[in-house]
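# what follows is a predicted structure for the sequence shown.
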Amino acid sequence: MTGGGSRALSGTPGRSILYTPWDNAAEWLAALRAALPDRPIDLWEGSGGAPPGPAQAADYDLAFVWQAPEALFEACRGLRVVCSLGAGSDHILRHRAKLPAGTAVLRAADPLMADRMADYVLAAVLAFTQNHDLYRRQQAARVWQRHAPRDATATPVGLLGLGRLGRRTAEKLQAAGFPVTAWVRSQRAAAADSAVPLVSGEAALADLLGRVRVLVVLLPETGATRGLIARPLLDRLPHGSLLVNPGRGGLMVEADVLSALDSGRLAAAALDVFETEPLPPDNPLWAHPAVTLTPHSAAISDPVSVTQALAADLARLAGGDRPDGWVDMAAGY
């Protein structure tokens, strides 16, 4: 393993801290205590728990977090492993300067989350091919007019990112008959046996964009991907394409997406993530007729399933094996 983890957990279990902004903190705490019965686990202030004192905070060697405040990382100077309660790790890595040297970061490698993401994408793509958005607008106008559906086999899908979520999404799209080609920033040996056609590099991306009808974005947010879904990329798509972004809002320049929708470059967009969340009430995406908008709910974390996956990864880490949710600190995902 590279990029950290030299201080991974071993020996006598220490104390753990949980932070979640969600309203089911008690459910997460119960699931974690069931999955890790030998570990005392406390709630951080803001998750329904009282703030620990400075001495107690220094005792925490393991944290389970989603969008934790910087104060947590400043106080918990003994952390050896930080676990994300979701598939993303950017919310942790933005605090990397506060993490002790050698701290390992794990994201939730949860098969249920991957299935939920794949179902979200498949539903959005099927709605596009079956003209559901168009029929919804016709319904509001009381217009009775039929439109031929797009055949799955004639609707090529470009998938940006082929991690755990991307692989499961590609499998479900292929099973439904959609031709899928995935793009990654650089070719990886781990993808050599992939059942999904895979391309890499900037030239290959430009070629892919010109021959797909649907673009699905499941890349991690890093310095190299932030703002990627902008006019230069969108202008390469065929007129009347579909954009599906359930990945990271920071990848998308919303003003450019709106412009592409207004010009018809994009016929529709299914968006689950945004530059600012919650999405401000005055954001024009709320009212755009070609946008299907959901509140970062495409792959909601299930407390029991996620904590079981994280517990299994922590056991692998303690045993010297590579966890499924290992985050390469240098790469940023």
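Arrived safely.
# make sure I have this right: E27 is in a helix.
Yes - residue state for E27 (DSSP: H, G, I helix; E, B strand; the rest coil) corresponds to a helix.
# excluding chain neighbours, what is closest to it?
Once flanking residues are discounted, E27 sits nearest to P303: 4.9 Å by Cβ to Cβ, 6 or more residues apart in numbering. Yep, even glycine has a C-beta here, placed from its N, CA and C like the rest.
# check contacts around the one you found.
24, 27-28, 30-32 (Cβ atoms under 8 Å, 6 or more residues apart in numbering).
# list only buried entries from these.
28, 31-32 (16 or more other Cβ atoms under 10 Å).
# re earlier: out of the contacts of P303, who's nearest A152?
Among these, N24 lies closest to A152 (Cβ to Cβ), at 36.6 Å.
# state the pLDDT value of the closest one.
At N24, the model reports a pLDDT of 95.
# how far away is the nearest residue to it once chain neighbours are set aside from A97?
In space, not counting the residues next to it along the chain, N24 is nearest to P303; the distance is 6.8 Å by Cβ to Cβ, 6+ apart. Separation of P303 from A97 (Cβ to Cβ, to the nearest Å) stands at 30 Å.
# mind listing the helices for the stretch 151-300 of the chain?
164-175, 202-209, 231-234, 254-263 (DSSP state H, counting those that start in this stretch).
# and G325, which of those helices is closest to it?
helix 164-175 (8.3 Å).
# need the max-distance pair from the contacts of P303.
Greatest spatial distance among the contacts of P303 (Cβ to Cβ): N24 and L32, at 12.2 Å.
# which residue sits farthest out from the middle of the chain?
Largest separation from the mean C-alpha position in the chain: W144, at 38.5 Å (Cα atoms, centre = their mean).
# tell me the SS of it?
Going by three-state DSSP: W144 is coil.
# could you find the closest non-adjacent residue to it?
Q138 (7.5 Å).
# with R226 instead?
Nearest one to R226, counting by Cβ to Cβ, 6+ apart, is G250 at 5.1 Å.
# pLDDT value on the one you found, please?
96.
# surely it touches A224?
No - if you go by Cβ atoms under 8 Å, G250 and A224 don't touch, sitting 11.8 Å apart.
# which of those two has more residues huddled nearby?
Per other Cβ atoms under 10 Å, whichever of G250 and A224 has more neighbours is G250, with 19 against 11.
# any idea how far the more buried one lies from L258?
17 Å.
# could you do G78 as well?
In this structure, G78 and L258 are 46 Å apart, going by Cβ to Cβ.
# cool, and D119?
27 Å.
# quick one, which of the two is more surrounded?
Set D119 next to L258 and count neighbours by other Cβ under 10 Å: L258 wins out with 18 against 15.
# so what's that one up against?
L258 neighbours (Cβ under 8 Å, 6+ apart): 284-285, 288.
# point out the most buried one among the helices of the stretch 151-300 of the chain.
Among the helices of the stretch 151-300 of the chain, the stretch with the highest mean neighbour count (mean count of other Cβ atoms under 10 Å) is helix 164-175, at a mean of 21.
# for it, packing partners?
helix 111-129, strand 157-160, strand 180-184 (3 or more Cβ pairs under 8 Å, 6 or more residues apart in numbering; DSSP states H and E).
# kindly compare burial across the ones you listed and name the winner.
Ranked by mean neighbours (mean count of other Cβ under 10 Å), those are led by strand 157-160, with a mean of 25.
# show residues contacting that one.
So strand 157-160 is contacted by 125, 166, 169-170, 173, 178-183, 196, 208-209, 212-219, 228, 247 (Cβ under 8 Å, 6+ apart).
# where along this structure do the strands fall?
15-19, 41-43, 60-65, 81-84, 104-106, 157-160, 180-184, 198-200, 214-217, 241-245, 266-271, 291-293 (DSSP state E).
# indicate which one of the ones you listed is closest to N131.
strand 266-271 (9.8 Å).
# the closest one: partners in the sheet, and parallel or antiparallel?
strand 241-245 (parallel), strand 291-293 (parallel) (DSSP bridges).
# pLDDT (mean, whole number) over the longest one?
What it means is strand 241-245. 98.
# so what touches it?
Contacts of strand 241-245 (Cβ under 8 Å, 6+ apart): 121, 124-125, 128, 212-217, 229, 234, 237, 251-252, 257, 260, 265-273.
# give me that answer again for 7 Å
Applying Cβ atoms under 7 Å, 6 or more residues apart in numbering, the contact partners of strand 241-245 are 121, 124-125, 128, 213-217, 229, 252, 257, 265-273.
# run the chain-centre distance for it.
16 Å (Cα atoms, centre = their mean, to the nearest Å).
# CA atoms only for it, dumped as CSV, please.
What follows is strand 241-245, C-alpha atoms only, in CSV (Å, rounded to 0.1, in the frame of the first residue of the first chain):
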residue,chain,number,x,y,z
SER,A,241,-27.5,14.3,-25.6
LEU,A,242,-28.2,13.4,-21.9
LEU,A,243,-25.9,14.3,-19.0
VAL,A,244,-26.2,12.2,-15.8
ASN,A,245,-24.1,13.5,-12.9
